[in-house]
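A.B. asks: sequence plus predicted model, see below.
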Amino acid sequence: MTSSLLSSRSTPAKATEQNALASADFAAKLASTQALLQRAAAEFKPLTQASSLGAEDVVITHLINSLQLDIPVFVLETGSLHTETLALLERTQAHSRAPIKVFRPVHESVIQFVRDKGQDAMYQSIELRKACCNVRKLEPLSRALNGQKAWITGLRQEQSPARAEVPLLDESEVLSKNLYKFNPLASWTWGDVWHYIAENQVDYNPLHDQFFPSIGCAPCTRAISLGEEFRAGRWWWEDEAAKECGLHVKG
Ligand code: SF4
């Protein structure tokens, strides 16, 4: 199921005003999310949160901080993020109780990729787009997850058909990588996410106020229009089925 994301383009409003709408069972969802995070912190060590600094991820980091859990957070700074995202990263580093670690791609690899394939290679083919994601995201991700027992993501079932079956605890990478993945917001709606942000005055990426529900690298993210799906602004020139960068694709 996908969200109805926008009420009107002609009514400028904060993302909190546009989207905050708690589910009837929000209090129970929040309690079980908090319990899951506490259990994860107690039983899965080392454990880390992967944050893109999107709406879901700032909620999770806020929960980690408010529950005073010893869960470090990491951000993949791809070298192609929006200035708004980089500014939020700075603010988060300054104010978070949980340490915020930043992982960047290997500089020489980026230079070589751009020299060989061009600055706009991602628009030329899916293969080149995935190659760019590999250099800028997947290699740093593998370093970020190296030695971890589990990681926490902001995946939600509502985000796309490909994510409709996202479980609270994903054990599909245990055999291959000895890695558990927690998706504590799996059952949260977009309205739940923004209800939490509004209620707790969580700092968020101002691009969300400009109709960017899903925020990635600047060249690969655009605002969405009324009626478009949640992830329509990500790699919008590709088919829907191809729209994962590899971070959450099961091999
Ligand atoms: S999202 Fe775009 S710019 Fe970012 S790593 Fe992937 S292809 Fe490259």
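C.D. replies: Received, thanks. Residues are numbered from 1 along each chain as shown.
A.B. asks: C-alpha from now on. contacts and neighbour counts both.
C.D. replies: Will do.
A.B. asks: next, the residue of the stretch 51-200 of the chain found nearest the ligand: secondary structure please.
C.D. replies: Nearest residue of the stretch 51-200 of the chain to the ligand (C-alpha to the nearest ligand atom) works out as residue 133 at 3.5 Å. Following DSSP: H, G, I helix; E, B strand; the rest coil, the label given to residue 133 is helix.
A.B. asks: return the per-residue confidence for it.
C.D. replies: Turning to residue 133, the model gives it a pLDDT of 97.
A.B. asks: next one: it from residue 96, what distance?
C.D. replies: Distance, residue 133 to residue 96, using C-alpha to C-alpha, to the nearest Å: 27 Å.
A.B. asks: neighbour count winner among those two?
C.D. replies: Between residue 133 and residue 96, counted using other C-alpha atoms under 10 Å, residue 133 has the larger neighbour count: 20 against 16.
A.B. asks: surely residue 49 touches residue 72?
C.D. replies: Yes - assessed by C-alpha atoms under 8 Å, residue 49 is found in contact with residue 72 at 6.4 Å.
A.B. asks: the more surrounded of those two?
C.D. replies: Per other C-alpha under 10 Å, whichever of residue 49 and residue 72 has more neighbours is residue 49, with 26 against 20.
A.B. asks: pretty sure the more buried one sits in a strand.
C.D. replies: Yes - under three-state DSSP, residue 49 sits within a strand.
A.B. asks: report the contact partners of it.
C.D. replies: Applying C-alpha atoms under 8 Å, 6 or more residues apart in numbering to residue 49 gives the contacts 61, 71-74, 151-153.
A.B. asks: from those residues, which ones fall inside helices?
C.D. replies: Using DSSP state H, residue 61 are the members of these that sit in helices.
A.B. asks: near the ligand too, which of the contacts of residue 49?
C.D. replies: When contact is defined as C-alpha under 6 Å from any ligand atom, the contacts of residue 49 do not meet the ligand at all.
A.B. asks: as TSV, the contacts of residue 49 with distance to residue 43 and pLDDT would be great.
C.D. replies: Output for the contacts of residue 49, formatted as TSV (distance: C-alpha to C-alpha, whole Å; pLDDT from 0 to 100):
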residue	distance to residue 43	pLDDT
61	19	98
71	12	98
72	15	98
73	17	98
74	20	98
151	12	98
152	13	98
153	17	98
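A.B. asks: which one of the contacts of residue 49 is nearest residue 141?
C.D. replies: Nearest to residue 141 among the contacts of residue 49 is residue 74, at 9.2 Å by C-alpha to C-alpha.
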